[in-house]
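J.: here is a sequence with its predicted model. Questions after.
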Amino acid sequence: MTFSAVIVAAGEGLRAGPGEPKAWRGLGGRPMVRWSVEGLLAAGAREVVVVVARDRLADADEALAGLIGWTAVTGGRTRAESVQAGLAALTAAPTQPVLIHDAARPFVTRAHVERLIAALAQADGAIPTLPVPDTLKRGDGLVDATVSREGLQRAQTPQAFRLGKLKAAYAAWPASEEPTDDASVMERAGGQVAMVPGDPMLMKLTWPEDFMLAEQLCASRRIVRMGQGIDAHRFGPGDMVWLGGIRIPHDLGLVGHSDADCGLHALTDAVLGAIAEGDIGEHFPPSDPRWKGASSDRFLLHAVKLVAARGGRILNADLTLICERPKIRPHRDAMRARIAALLGLPIDRVSVKATTTEGMGFTGREEGLMAQAVVAVETPV
Ligand code: MG
């Protein structure tokens, strides 16, 4: 499932009350726009273009720091102009699916995206809709009429189209009119738009009360995943070892294709394990001469990038080194500081422990050294 996405975050959202425009307002400890970008990246978007107001590019950099696969462009005076600016910035082929999404709907998931893209096989557009449960009245203070809700559906976002067809539909849209969603542009151009089941969780945050409700829901939209990693390397001739990202003088060296930093290898596998992305050997095959003597911090940084690319973040890491020598204690805080820098964590989220095997086994005989790591990662559902 390959798709691109445009997130419209250029509006001022004045109905949400005083303060920051709503896309930039905090929700569950992160700017609201970040929720949609993370959700769409986690759903597999190959590129996400965020359309922001003219003076908001720096805010986007800050709000989306660490995520990979997004760009920001400035929008126009109207939503229609902003959407078109976003479409113009996409690099996808005209036949590729594109999802247009409002930043004010933070809880988009892979399940939503899959339903929409599946429906595109039979239609020019696909939108999530929900029936209208309330009785509808027309009037202002006094009821003029009760309006039949028969056949009425509420339209949500994201809305899915083929990139080329949506661009063409916008090009044909009369400049004097302002569409309230993208499906109406496709309808006007004669396109068929399929309705797929919407979701109350795709609610649009409009009023201050909506933010209070969404704040309660945030916790259920992220999950914590654990990963563990184990590595061992053999001692050989040498006068130092790389361990936990630092260089330690020793009367032996560690043998390996890279710098043989057992600690960083275990941590890399733990991060990969938390996001079910295979193991270090798959990403950096020992048979590949590029990794000969490589500094292992690049392996760990690669795994950290994969977490960021799916909208996740690392919560903490716990590394245990198993050896008789070198003594770890004198180097422990230096290792913690180096690992914290690589993982983008404060040092109090990084633990380094050491143990021996009381002279037993290969670590006891000092044939080699072993490391175990556990890492917790938080990602969108
Ligand atoms: Mg290794």
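T.: Nice, I can see it. Just so it is clear, the model here is predicted, and its values are computed rather than measured.
J.: how many residues are close by the closest residue to R188 other than its chain neighbours?
T.: Nearest-residue entry for R188: W173, 6.4 Å, with adjacent residues in sequence omitted and distances by Cβ to Cβ, 6 or more residues apart in numbering. Every C-beta, even on glycine, is put in place using the N, C-alpha and C of the backbone. W173: 17 surrounding residues under other Cβ atoms under 10 Å.
J.: would you confirm that W173 contacts A80?
T.: Yes: using Cβ atoms under 8 Å, W173 is in contact with A80, at 6.7 Å.
J.: any common contacting residues for the two?
T.: In terms of Cβ atoms under 8 Å, 6 or more residues apart in numbering, W173 and A80 are both contacted by the residues 179, 185.
J.: are we agreed that A337 is in a helix?
T.: Yes: membership of A337 in a helix is supported by DSSP: H, G, I helix; E, B strand; the rest coil.
J.: what's the burial count for it?
T.: When neighbours are defined as other Cβ under 10 Å, A337 has 16 of them.
J.: now G28
T.: 16.
J.: mind checking pLDDT for it?
T.: On pLDDT, G28 comes in at 82.
J.: numbering from 95 from now on, please.
T.: Sure, I'll start counting at 95 from here, so that last one is G122.
J.: what about the residue nearest to it when sequence neighbours are not counted, which SS state?
T.: Spatial nearest neighbour of G122, excluding adjacent residues (Cβ to Cβ, 6+ apart): C312 at 3.0 Å. Assigned with three-state DSSP, C312 falls in the helix class.
J.: so who does C312 touch?
T.: Contacts of C312 were listed using Cβ under 8 Å, 6+ apart, and they are 121-123.
J.: from R148, how far off is it?
T.: To R148, C312 is 29 Å away according to Cβ to Cβ, to the nearest Å.
J.: with F255 instead?
T.: From F255 over to R148 the distance is 26 Å, taken as Cβ to Cβ.
J.: the two: which is more packed in?
T.: F255 (27 against 9).
J.: how about the nearest residue to G258 once chain neighbours are set aside, phi and psi?
T.: For G258, ignoring the flanking residues on the chain, the nearest one in space by Cβ to Cβ, 6+ apart is P188 at 2.8 Å. Backbone torsions of P188, given as degrees, to the nearest 10, read phi -60, psi -30.
J.: and the gap between P188 and F378?
T.: 37 Å.
J.: between the two, who's got more neighbours?
T.: Set side by side, P188 and F378 show more neighbours around F378, with 19 against 13, by other Cβ under 10 Å.
J.: per-residue pLDDT, the more buried one?
T.: pLDDT for F378: 93.
J.: quick one: is the longest strand that the chain contains near the ion?
T.: As assigned by DSSP state E, the longest strand anywhere in the chain is strand 316-330. Yes: for strand 316-330 and the ion, the contact criterion (Cβ under 5 Å from the ion) is met by D325.
J.: nothing else from me, thank you.
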